[in-house]
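Trainee: A predicted structure for the sequence below; I have some questions about it.
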Amino acid sequence: MKKTINGKTKIIGVIGKNIENSLSPLIHNQIILKCSFNFCYLPFQIAETNLGKAIQGIKALNIRGVNITLPYKERVIDFLDEPEESARRIGAVNTIVNNKGILAGYNTDVIGFKKSLQEEGKFTTKGKKAVILGAGGAARAVVYSILEEGIKEVCIFNRTLEKAKKIKQDFSSFFPESNIYVFPLTEENIKDKIEKAHLLVNTTSIGMPPQIDKTPLLDEKLFHPDLLVYDLIYHPAKTLFLRQAERAGAKIINGLPMLIYQGIESFYLWTGFKPEGEEVLEMIKQIF
Ligand code: ATR
């Protein structure tokens, strides 16, 4: 029978503030089509003042679950019934599952980042040094992920130093073997750290529309060929940050693999089915 939306269709989706460029609806609906599941994934653009009501609405509308994106990943925890222990520790939730009116919260960005580093980057984290730009919800997932994988040193640079300090304060005791350092986001601070780093990740929104001609690092000479340079942004597919890194001979990854791998984990939480990561990545790369 040809699949179609009917009275039994289960609703999943994404809640964010500006989600017009989100690829998640495309990814999930492609998986749904391919697997003939009776689900439908919708974008929910929600104003900040309506976040609480929207989360309550998940129960009222019997929505099976949602992804949470910018800028609500941290704030949404307050509206959940059962944030999972690690999501609480990370301080950010990107997936809500509605279990018969009980809202559980998870962070699949952590595993999404981990898998993308392994599969796409062929990168082994243990014993390495990383520089992370930004200290928002996405940065918290990235830092947690590499700490879990045994990174030796993480240097977090952020415009608002307090937020970077909070990450250090929240995570240090769980990962005593790793060193976490925090700095304000200025280039004279960064130079020395990047020189010795193996991994450089941009988690800030600098480079996203409407800031597509901007980059968090102006000095192109800071990049070097021994770096894996990762930008969590996937639209545009190659930010100025990644173009500069590529020119310097560094290996680059954009945010698409992480988006796919975290999406697959979220899909599994809602449906009990886990599609093959490589296959989904190939399918989306062909369309995107
Ligand atoms: P996400 O959930 O994607 O991490 P976020 O929590 O809003 O989103 O975090 C955005 C990150 O981008 C923050 O680190 C932010 O810096 P501040 O903590 O100082 O706000 C950073 N960011 C955004 N625009 C920036 C800009 N123009 N210059 C420097 N940092 C910027």
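Mentor: Received it, and whenever you're ready, just let me know what you need.
Trainee: Now the residue nearest the centre of the chain. Nearest residue, chain neighbours left out?
Mentor: Per CA atoms, centre = their mean, the C-alpha nearest to the average position across the chain is that of Asp109, at 4.5 Å. Distances taken as CB to CB, 6 or more residues apart in numbering place Ala141 nearest to Asp109, at 3.6 Å, with adjacent residues excluded. (C-beta placed from N, C-alpha, C; glycine too.)
Trainee: tell me the SS of that neighbour?
Mentor: At Ala141, secondary structure determined by DSSP: H, G, I helix; E, B strand; the rest coil is helix.
Trainee: Kindly tell me how buried the closest residue to the ligand within the stretch 51-200 of the chain is, as a neighbour count.
Mentor: Here the residue of the stretch 51-200 of the chain nearest the ligand is Gly136; by CB to the nearest ligand atom that distance is 2.1 Å. Gly136 has 19 neighbours, counted by other CB atoms under 10 Å.
Trainee: tell me what whatever helix or strand Gln262 lives in is packed against?
Mentor: Using DSSP states H and E, Gln262 falls within helix 256-271. Applying 3 or more CB pairs under 8 Å, 6 or more residues apart in numbering; DSSP states H and E, one finds that helix 256-271 makes contact with helix 24-35, strand 65-68, strand 95-99, strand 102-106, helix 109-119, helix 277-287.
Trainee: If we use 6 Å, what do you get?
Mentor: strand 95-99, helix 109-119, helix 277-287 (3 or more CB pairs under 6 Å, 6 or more residues apart in numbering; DSSP states H and E).
Trainee: Looking at these, which one is packed in the most?
Mentor: The highest average neighbour count among those, using mean count of other CB atoms under 10 Å, belongs to helix 109-119 at a mean of 23.
Trainee: now the angle between helix 256-271 and it, please.
Mentor: Put simply, helix 109-119 runs at 130 degrees to helix 256-271, going by axes from the mean of the first three to the mean of the last three CA atoms, to 10 degrees.
Trainee: what's the spacing between helix 109-119 and its chain's center?
Mentor: Its chain's average C-alpha position is 9 Å from that of helix 109-119, according to CA atoms, centre = their mean, to the nearest Å.
Trainee: Give me the contacts around that helix.
Mentor: Asn94, Phe123, Ala141, Val142, Tyr144, Ser145, Pro257, Met258, Tyr261, Gln262, Glu265 (CB atoms under 6 Å, 6 or more residues apart in numbering).
Trainee: Who are the contact partners of Ala237?
Mentor: Asn254.
Trainee: quick one on the thing from earlier: can you tell me which of the contacts of helix 109-119 are buried?
Mentor: Asn94, Phe123, Ala141, Val142, Tyr144, Ser145, Pro257, Met258, Tyr261, Gln262, Glu265 (16 or more other CB atoms under 10 Å).
Trainee: and these as CSV, adding pLDDT and distance to Ser173?
Mentor: Formatted as CSV, these follow (pLDDT from 0 to 100; distance: CB to CB, whole Å):
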residue, pLDDT, distance to Ser173
Asn94, 96, 24
Phe123, 96, 26
Ala141, 96, 18
Val142, 97, 19
Tyr144, 97, 13
Ser145, 97, 17
Pro257, 95, 31
Met258, 96, 26
Tyr261, 96, 28
Gln262, 97, 26
Glu265, 97, 26
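Trainee: so what's Phe123 closest to, chain neighbours aside?
Mentor: For Phe123, the closest residue by CB to CB, 6+ apart turns out to be Leu117, at 4.6 Å.
Trainee: how close does that neighbour sit to Val110?
Mentor: 11 Å (CB to CB, to the nearest Å).
Trainee: what residues does the stretch 1-150 of the chain put near the ligand?
Mentor: Leu70, Pro71, Lys73, Gly134, Ala135, Gly136, Gly137, Ala138, Ala139 (CB under 6 Å from any ligand atom).
Trainee: Now render the residues you listed as CSV, adding secondary structure and pLDDT.
Mentor: Output for these, formatted as CSV (DSSP: H, G, I helix; E, B strand; the rest coil; pLDDT from 0 to 100):
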residue, secondary structure, pLDDT
Leu70, coil, 85
Pro71, coil, 89
Lys73, coil, 93
Gly134, coil, 96
Ala135, coil, 95
Gly136, coil, 91
Gly137, helix, 88
Ala138, helix, 91
Ala139, helix, 95
